[in-house]
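**Q** next comes the sequence, and after it the predicted model I'd like to discuss.
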Amino acid sequence: MSDKPIYADLVPGRVVLRQGDCLAGLRRLPDACIDSIVTDPPYGLSENPPPIADVLRAWLAGDDYAHRGGGFKKNSWDALVPGPPIWKEALRVLKPGGHLVAFSAARTAYALTTAIAIAGFEIRNTLAWIHADGGGAYNHAIDQRFEKLLTTGRSSRAPGVKPEGKVWMKDTGGKVAVTQPEALAWRGWGTGLKPAQEPILLARKPMIGSYVPNLRAYRTGALNIDGCRVDDGTIARHPANVVHDGSAEALYGFSGDKAGFFFCPKPRGDDRAGSGHDTIKPVDLMRWLCRLVTPPGGVVLDPFAGSGTTGVALAEEGFYGMLIERETRYCEDIVKRFAKPPPSIAQAIEAKPRKARKARPPAVTGTEHLQGDLFSA
């Protein structure tokens with residue numbers, strides 16, 4: 001396999017992929033050349049997070065904060081949420097009024113929001129994607145911890161420890177029979193809630209004055225309300241800051257059989273498209289988000305491309321786009337994914353272009369800035 005970075009025209013003249021560090025990639029883009037950023041950055045789910053005061057001191061001083069260790073599934077890239085240096089570059093490449101949509105985790109959303117605010121973005125809203133199959137990976141039974149501590153001296157068993165009379169078998173998931181009175185007193189207690197919602201941060205680059213002057217100059221700053229209305233069976237409702245997966249659990253407490261919120265289930269097989277990435281997002285959800293914040297014919301950027309889902313979504317919506325991804329294996333997955341694109345992408349590309357507004361923006365439009373090697377010196 002070649003060590004040369006992967007630069008691919010996934011959809012010629014429409015969507016490009018550039019492999020490399022996202023900060024370096026952003027720095028090579030011109031000012032105010034992007035209409036919207038829709039991305040799924042690292043959540044920073046470190047088992048041993050750094051003190052937030054130390055992180056804030058570095059961020060407010062204009063520095064990044066390097067946190068060693070691993071996050072989700074012990075991945076080093078998920079040790080901490082991206083800091084202000086990345087979001088400052090994201091702010092620079094966005095047109096005034098351009099929106100940023102960034103996924104996060106419930107317990108680290110505050111850190112991502114802070115980093116983005118420090119960079120100069122206006123925090124506009126936080127959407128909640130509610131789903132029923134979040135699993136229970138963050139919960140540990142306290143009675144088990146007590147039993148293991150009282151039996152072996154360790155609350156989590158070290159490899160090979162098999163105290164007399166108690167053997168942890170693989171088919172039990174490491175669980176033991178709880179017999180100690182002190183452990184029994186904590187039966188039913190745990191360490192975490194089921195992760196059934198993911199916050200989606202909605203931020204915006206400050207506009208040049210009010211809405212009308214900014215829209216006349218750049219076509220950015222507003223949300224595509226009608227294009228994202230939700231039909232609840234009786235009326236096309238105004239899009240809300242809640243997204244759900246349509247499950248009975250997510251709908252519990254909502255009125256009627258169909259809630260007036262956009263619904264999208266967790267990723268299916270076709271969403272994964274053969275990618276080995278750990279944090280796949282559904283295409284339909286990414287399409288809705290791209291449509292919400294991007295003007296017709298606009299350019300969408302995803303600096304944390306991962307599986308390339310944003311690229312598929314923006315192409316299906318008829319937008320232009322750039323994907324930046326650091327990891328070679330994920331870049332290879334993205335290239336394979338676009339080698340046989342869904343028919344909807346071809347239909348979107350071949351469709352007649354939407355009518356342009358009379359007032360065209362003076363900033364860069366189309367794909368002029370997407371041509372050539374953006375990572376060259």
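**A** Perfect, thanks for sending it.

**Q** please count neighbours and contacts with C-alpha atoms only from this point.
**A** OK.

**Q** how many neighbours does G188 have?
**A** G188 has 9 neighbouring residues, counting by other CA atoms under 10 Å.

**Q** so who does L215 touch?
**A** Residues in contact with L215 (CA atoms under 8 Å, 6 or more residues apart in numbering) are G221, A222.

**Q** distance of it from D35?
**A** According to CA to CA, to the nearest Å, L215 stands 11 Å off from D35.

**Q** tell me where the stretch 1-150 of the chain has helices.
**A** Secondary structure of the stretch 1-150 of the chain, counting by DSSP state H, counting those that start in this stretch: helices at 22-27, 52-60, 84-93, 109-118, 142-152.

**Q** how about those in JSON lines, adding mean neighbour count, mean pLDDT and distance to P239?
**A** Converted to JSON lines, these look like this (neighbours: other CA atoms under 10 Å; pLDDT from 0 to 100; distance: least, CA to CA, whole Å):
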{"stretch": "helix 22-27", "mean neighbour count": "19", "mean pLDDT": "94", "distance to P239": "31"}
{"stretch": "helix 52-60", "mean neighbour count": "14", "mean pLDDT": "93", "distance to P239": "34"}
{"stretch": "helix 84-93", "mean neighbour count": "22", "mean pLDDT": "97", "distance to P239": "25"}
{"stretch": "helix 109-118", "mean neighbour count": "20", "mean pLDDT": "96", "distance to P239": "22"}
{"stretch": "helix 142-152", "mean neighbour count": "20", "mean pLDDT": "86", "distance to P239": "41"}
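
**Q** distance to L184 for the ones you listed - can I get that in TSV?
**A** Converted to TSV, these look like this (distance: least, CA to CA, whole Å):
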stretch	distance to L184
helix 22-27	50
helix 52-60	36
helix 84-93	47
helix 109-118	35
helix 142-152	6
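
**Q** for those helices, which one sits closest to V16?
**A** Closest approach to V16 among the helices of the stretch 1-150 of the chain (CA to CA): helix 22-27, 12.5 Å.

**Q** that closest one - contacts with which helices or strands?
**A** In terms of contact count using 3 or more CA pairs under 8 Å, 6 or more residues apart in numbering; DSSP states H and E, helix 22-27 is assigned the packing partners helix 84-93, strand 320-325.

**Q** do a quick rundown of the strands in the stretch 51-200 of the chain.
**A** Shown for the stretch 51-200 of the chain, the strands assigned by DSSP state E, counting those that start in this stretch span residues 94-103, 122-130, 197-204.

**Q** nearest to F304, of the helices of the stretch 1-150 of the chain?
**A** With CA to CA, the closest approach to F304 among the helices of the stretch 1-150 of the chain belongs to helix 22-27: 7.0 Å.

**Q** before we move on, the earlier item: who wins for proximity to V299 among the helices of the stretch 1-150 of the chain?
**A** Between V299 and the helices of the stretch 1-150 of the chain, the tightest spacing by CA to CA is seen for helix 84-93, at 11.1 Å.

**Q** picking up where we left off before, could you save the helices and strands packed on helix 22-27 as TSV and add columns showing distance to D143?
**A** Output for those, formatted as TSV (distance: least, CA to CA, whole Å):
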stretch	distance to D143
helix 84-93	41
strand 320-325	43
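
**Q** if I pick D284, what's in contact with it?
**A** D284 touches C264, A313, counting by CA under 8 Å, 6+ apart.

**Q** please tell me how far it sits from C228.
**A** D284 is 12 Å from C228, by CA to CA.

**Q** what of V242?
**A** For V242 relative to C228 (CA to CA), the value is 12 Å.

**Q** and the closest residue to L23 other than its chain neighbours, what does it touch?
**A** In space, and not counting its chain neighbours, L23 is closest to I86: 5.5 Å by CA to CA, 6 or more residues apart in numbering. Applying CA under 8 Å, 6+ apart, we find I86 in contact with C22, L23, L26.

**Q** and the chain, what are its domains?
**A** 7-43+81-134+198-370, 142-184 (automatic domain parsing).

**Q** just put the ones you listed in JSON lines and tack on distance to G192.
**A** As requested, the domains of the chain are exported to JSON lines (distance: least, CA to CA, whole Å):
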{"stretch": "domain 7-43+81-134+198-370", "distance to G192": "11"}
{"stretch": "domain 142-184", "distance to G192": "11"}
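
**Q** return the most buried member of the ones you listed.
**A** By mean neighbour count, with neighbours taken as mean count of other CA atoms under 10 Å, domain 7-43+81-134+198-370 ranks first of these at a mean of 19.

**Q** on that earlier part again, where among the domains of the chain is average confidence lowest?
**A** Least confidently modelled of those is domain 142-184, at a mean of 70 by mean pLDDT.

**Q** and that domain, how far apart are its ends?
**A** So domain 142-184: terminal residues 9 Å apart, CA to CA.
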